[in-house]
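> What would the 3D arrangement of this be:
(one chain, ligands or ions: 1)
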Amino acid sequence: MARCLTIAVCQTGPIQRSASRAETVGRLVHLLEKAAAFGAEIAVFPEMALTTFFPRWRIDDQAEIDTFFEASMPGPETQRLYDAAARLKVGFALGYCELAHEDGRTRHFNTMDLVGPDGAFIGRYRKMHVPGSSEPEEGTTTHLERRYFEPGNLGFPVYNYRGVRVGLAICNDRRWPETYRMLCLNGAEVALLGYNTPLLLDEAPALAHLRMFHNHLPMQAGAYQNTLWIGAAAKAGLEDGQALIGGSCIIAPTGEIAAQTMSLDDEVIVHRADLDLIETCRKVNFNFALYRRPDQYKRISDPV
Ligand code: CDV
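Below you'll find the predicted structure:
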């Protein structure tokens, strides 16, 4: 019998700044219920799934900034989602802004947690490739993630989810080959990620028609070259005046898109991922033990 994991991608529509946490968590619970009704065994929500994508603004007041962060997970407002996971027996990966107390100081990370089908915490990933700047820059779309977040310090961990090896990534990470390669080398079979991607960038209006292509291209290549299943969830639609792309998808280790959302709203897609396909793809092209030559990759040649 094939080894399978039924993956749900829970895309959300915009989460406006005016939305309360209770309202937003209610939407996520509803999406998880839909995923369960479709037979999902695991679900992934977007990056920053509890709030608007606030790095589009420059905010100076730290107390105001911290209203977008979670001081504990689960907290009083998010507990409902964890209870839903246990009730439905469907775990999830959830992106949120993490307020941590480490090394004797307060730290801010763009984080994704993996939660089991019993509603218990399994593991954490902190976004490694934090894009944008710390001050608004003339001629570019304001994207101040580097003002509000430290780069992640947990590497690319892979966790055991009901016997399946699951890794996590967040938004801009998906554009970097290192993300998939490190997850693969760490043993991942499935990578779950969430994103908030503006449709238009002031610095590159000529590339606007490529936004969706550049969303899928690295994920399809990453899945193929690293024999991974990928579940990728967008926060989509017009959020506080900024258009965010959708295109949430489930990608096979063949590089094919197995399922894709069609709206810019709350929407669930599900696919029963055949994990044995990973081995088939490894046999065809990517037998790492046989063909990879990491010792030679380090050699530096003289320029010719
Ligand atoms: N939230 C993100 O990481 N967004 C980035 C860009 C557009 C700044 C992305 O790669 O989609």
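> Just the CA trace of the lowest-mean-pLDDT helix or strand in the chain, in PDB.
Using mean pLDDT, DSSP states H and E, the weakest-scoring helix or strand in the chain turns out to be helix 294-297, at a mean of 92. Taking C-alpha atoms only, helix 294-297 is exported to PDB below (Å, rounded to 0.1, in the frame of the first residue of the first chain):
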ATOM      1  CA  PRO A 294      29.800  17.800  -2.300                       C
ATOM      2  CA  ASP A 295      33.600  17.400  -1.700                       C
ATOM      3  CA  GLN A 296      34.200  18.600  -5.300                       C
ATOM      4  CA  TYR A 297      31.700  21.500  -5.100                       C
END
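> wait, what's in contact with the residue of the stretch 1-150 of the chain found nearest the ligand?
Going by Cβ to the nearest ligand atom, the ligand is nearest to residue 131 of the stretch 1-150 of the chain, at 4.0 Å. C-beta here means a position set from N, CA and C on the backbone, and glycine is covered the same way. Contacts for residue 131 were tallied using Cβ atoms under 8 Å, 6 or more residues apart in numbering; they are 143, 145-146, 171-172.
> List the residues that contact the residue in the stretch 201-304 of the chain that the ligand sits nearest to.
Residue of the stretch 201-304 of the chain nearest the ligand, by Cβ to the nearest ligand atom: residue 201 (6.8 Å). When contacts are counted by Cβ under 8 Å, 6+ apart, residue 201 touches 140-141, 207-208.
> near the ligand, which residues of this structure?
Residues of the chain lying close to the ligand (Cβ under 6 Å from any ligand atom) are 47, 131-132, 143, 171-172, 175, 195-198.
> Reformat those as a markdown table; add pLDDT.
Output for those, formatted as a markdown table (pLDDT from 0 to 100):
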| residue | pLDDT |
| --- | --- |
| 47 | 99 |
| 131 | 98 |
| 132 | 97 |
| 143 | 96 |
| 171 | 98 |
| 172 | 98 |
| 175 | 98 |
| 195 | 99 |
| 196 | 98 |
| 197 | 98 |
| 198 | 98 |
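> circling back to that earlier point, look at the residue of the stretch 201-304 of the chain closest to the ligand and report its pLDDT.
Listed pLDDT for residue 201 reads 93.
> what about it, distance to residue 52?
According to Cβ to Cβ, to the nearest Å, residue 201 and residue 52 sit 18 Å apart.
> Okay, now the unreliable bits of this protein?
Where the chain drops to pLDDT under 70, the residues are 304.
> now the strands for it?
Along the chain, the segments classed as strands by DSSP state E run 4-11, 42-44, 91-102, 105-115, 121-126, 158-161, 164-170, 190-195, 229-234, 237-239, 242-244, 249-251, 257-260, 267-274.
> could you dump those strands to CSV with mean neighbour count?
Formatted as CSV, the strands of the chain follow (neighbours: other Cβ atoms under 10 Å):
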stretch, mean neighbour count
strand 4-11, 24
strand 42-44, 29
strand 91-102, 22
strand 105-115, 21
strand 121-126, 19
strand 158-161, 19
strand 164-170, 26
strand 190-195, 29
strand 229-234, 29
strand 237-239, 19
strand 242-244, 19
strand 249-251, 25
strand 257-260, 18
strand 267-274, 21
